[in-house]
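Visitor: coords please:
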Amino acid sequence: MMTMQRLCQMFALSALLGAAALWIGSAVGADSPVHDYPTVARVEFVQECIGAHGGKLENLYQCSCAIDRIANTLSYDDFVEASTYAKYSSLAGEGGGIFRDSDEARQKAKRYREVEAEAYRNCGLSP
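Guide: This next block holds a predicted model:
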């Protein structure tokens with residue numbers, strides 16, 4: 001006859017093995033993002049996205065979805081550069097010229113806006 005302690009140990013071991021199998025299975029089958037962005041960059045994007053869509057916390061999931069979609073399309077360096085061009089392309093004066101006057105600046109800003117708009121649409125947000 002088994003003691004209660006031995007029975008608990010067997011139960012704990014089988015529970016631990018089951019949890020490990022689930023963890024390994026989910027790690028193997030999980031879709032890893034193509035490009036890894038720093039957490040703070042993701043948080044900043046989501047906060048700005050929520051603000052741009054009425055400041056409703058209910059948009060948290062859609063905005064998180066959008067940054068994940070963008071991260072699957074653009075490397076982090078490309079994201080920073082292109083989003084900067086897009087953000088400051090309407091900056092007036094001579095100082096804003098670097099963000100709007102060159103072909104490279106216009107192309108990068110356009111590319112970012114297209115990627116962002118597609119991500120918004122795919123995640124249920126208006127561009």
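
Visitor: over to Asp36: give its phi and psi.
Guide: The phi/psi pair for Asp36 (degrees, to the nearest 10) reads phi -90, psi 120.

Visitor: I'd say it and Tyr76 touch.
Guide: Yes: Asp36 lies in contact with Tyr76 (C-beta atoms under 8 Å); the separation is 7.1 Å. Glycine gets a C-beta too; all of them are placed from N, C-alpha and C.

Visitor: what lies in contact with the host helix or strand of Ser83?
Guide: In this structure, Ser83 is located in helix 76-88 according to DSSP states H and E. For helix 76-88, contacts defined as C-beta atoms under 8 Å, 6 or more residues apart in numbering pick out 35-38, 41, 70-71, 74, 96, 99-100, 105, 108-109, 111-113, 115-116.

Visitor: which of these fall within strands?
Guide: Of these, none are assigned to strands by DSSP state E.

Visitor: if any of those are buried, put those into a ChimeraX selection.
Guide: Buried subset of the contacts of helix 76-88, written as a ChimeraX selection, criterion 16 or more other C-beta atoms under 10 Å:
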select :37,70,71,74,99,105,108,109,111,112,113,115,116
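
Visitor: circling back to that earlier point, list the buried residues for the helix holding Ser83?
Guide: Asp78, Phe79, Glu81, Ala82, Ser83, Tyr85, Ala86.
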